[in-house]
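> Generate coordinates for the sequence data below:
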Amino acid sequence: MLKEVERLIDKGEGNRTAEEGTLFKLMIRLIEDFEEQHYQLNAATPVSILKHLMEARDLKPRDLWEVIGSKSLTSEILSEKRTISKSKAKALAQFFHVSVELFI
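Here you go, the predicted model:
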């Protein structure tokens, strides 16, 4: 389902058919309901959320070097030696197609 949501996100709101728009809204609602029932994201830290998203998408730290800006900064964030800045939170949110609030 996530792949289909990503496909529809990439397609863009103005380029979806009416049926795709309805399907997109329904899938987003189902995902949100599932996450509310099974995950306590509010209790998680920004770094633990980042690590979870990386695991769910089978990503390695090197996959985030370009998003975060460097190998060393990525390492410092993942080891919790450095917090996620607002600009990096925005970049991560865009990369993962999630709310920026997850990383702040």
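
> and residue 84, what is it in contact with?
46, 47, 50, 77, 92, 103, 104 (Cβ atoms under 8 Å, 6 or more residues apart in numbering). In this view, the C-beta of every residue, glycine as well, is placed from N, C-alpha and C.

> Most widely separated two among those residues?
Greatest spacing in the contacts of residue 84, by Cβ to Cβ: 77 and 104 (13.2 Å).

> need the helices for this protein, in chain order.
2-11, 18-38, 46-56, 65-68, 71-78, 86-96 (DSSP state H).

> okay, residue 77 and residue 104: which has more neighbours?
The neighbour comparison of residue 77 against residue 104 (other Cβ atoms under 10 Å) goes to residue 77, with 22 against 13.

> ok, and the closest non-adjacent residue to that one?
Closest residue to residue 77 apart from its sequence neighbours, by Cβ to Cβ, 6 or more residues apart in numbering: residue 84 at 5.8 Å.

> From residue 76, how far out is the one you found?
Here residue 84 is placed at a distance of 10 Å from residue 76 (Cβ to Cβ, to the nearest Å).

> residues contacting residue 47?
So residue 47 contacts 77, 78, 80, 84 (Cβ under 8 Å, 6+ apart).

> TSV please, covering those residues and showing distance to residue 32 and pLDDT.
Listed next are the contacts of residue 47 as TSV, based on distance: Cβ to Cβ, whole Å; pLDDT from 0 to 100:
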residue	distance to residue 32	pLDDT
77	26	96
78	27	96
80	28	93
84	23	96
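
> Endpoints of stretch 56-68, how far apart?
18 Å (Cα to Cα, to the nearest Å).

> ok, now stretch 49-63?
Stretch 49-63 has an end-to-end distance of 16 Å (Cα to Cα).
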